[in-house]
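[1] need a structure here:
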Amino acid sequence: MSKVVAHNIARFFLLILLQVLVLNKISFYGFLNPYVYILFILLLPFETPGWLLLTLSFGLGLSVDLFTGTMGLHAAAAVFLGFVKPGVIRLVGEKPEYDLTTQPTMSEMGFKWFIAYAATMTFIHHLVLNFIDVFNFREFWQTIIRVIISSVFTLLFILVIQYIFTSHKEKR
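    Model (predicted):
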């Protein structure tokens with residue numbers, strides 16, 4: 001169990017550093033920015049208690065907010081993502097047999113399950129993030145297009161990260 005905790009602590013800090021120091025500097029066409037910090041929430045073990053999931057989500061989002069000056073925008077979107085995670089897991093489909101420390105990674109769950117799960121979670125996060133940012137419906141279609149394009153872009157980054165950090169033993 002302590003190995004899973006240590007792994008997630010390292011993932012928390014590495015994803016924040018990657019987001020703040022590298023990915024926030026990437027901005028295609030002025031609005032397209034990959035938000036891979038959500039991978040931390042996505043990869044938390046299935047049996048993470050709800051209170052801990054929401055607390056970690058808030059801490060993650062607040063950390064990104066502190067470095068980007070967005071005053072709660074990422075915290076709100078991350079907490080919402082933590083809130084809907086159990087429902088999205090049920091929506092995507094049945095989980096195979098697992099122990100308490102099983103994480104919903106591509107290597108553990110398979111590509112098809114993971115892509116459905118990650119795409120749904122990424123879309124939800126970006127939808128909340130962008131509509132809180134715009135905070136009106138006058139630019140509804142522009143915001144939806146931004147959500148879709150940013151979600152695809154973020155999902156590609158998440159898949160690359162999953163592929164890179166999956167050991168060769170697990171890929172077989």
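
[2] Please identify the buried residues of stretch 71-89?
    73-82, 84-85, 88-89 (16 or more other Cβ atoms under 10 Å). In this view, the C-beta of every residue, glycine as well, is placed from N, C-alpha and C.

[3] Return the per-residue confidence for residue 119.
    Reading off the confidence values, residue 119 has pLDDT 96.

[4] Contact partners for it?
    Residues near residue 119 by Cβ atoms under 8 Å, 6 or more residues apart in numbering: 151, 155.

[5] related to what we said a few turns ago, which ones among the buried residues of stretch 71-89 map onto strands?
    Using DSSP state E, no member of the buried residues of stretch 71-89 sits in strands.

[6] want to throw those residues into a markdown table with distance to residue 5 and pLDDT?
    Shown next, in a markdown table, are those (distance: Cβ to Cβ, whole Å; pLDDT from 0 to 100):
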| residue | distance to residue 5 | pLDDT |
| --- | --- | --- |
| 73 | 28 | 94 |
| 74 | 23 | 95 |
| 75 | 22 | 96 |
| 76 | 26 | 96 |
| 77 | 25 | 96 |
| 78 | 20 | 96 |
| 79 | 21 | 97 |
| 80 | 24 | 97 |
| 81 | 21 | 97 |
| 82 | 17 | 96 |
| 84 | 24 | 96 |
| 85 | 18 | 94 |
| 88 | 23 | 93 |
| 89 | 21 | 90 |
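
[7] how about JSON lines for these, with distance to residue 159 added?
    Shown next, in JSON lines, are the buried residues of stretch 71-89 (distance: Cβ to Cβ, whole Å):
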{"residue": "73", "distance to residue 159": "25"}
{"residue": "74", "distance to residue 159": "21"}
{"residue": "75", "distance to residue 159": "25"}
{"residue": "76", "distance to residue 159": "26"}
{"residue": "77", "distance to residue 159": "20"}
{"residue": "78", "distance to residue 159": "20"}
{"residue": "79", "distance to residue 159": "25"}
{"residue": "80", "distance to residue 159": "23"}
{"residue": "81", "distance to residue 159": "18"}
{"residue": "82", "distance to residue 159": "21"}
{"residue": "84", "distance to residue 159": "21"}
{"residue": "85", "distance to residue 159": "19"}
{"residue": "88", "distance to residue 159": "17"}
{"residue": "89", "distance to residue 159": "18"}
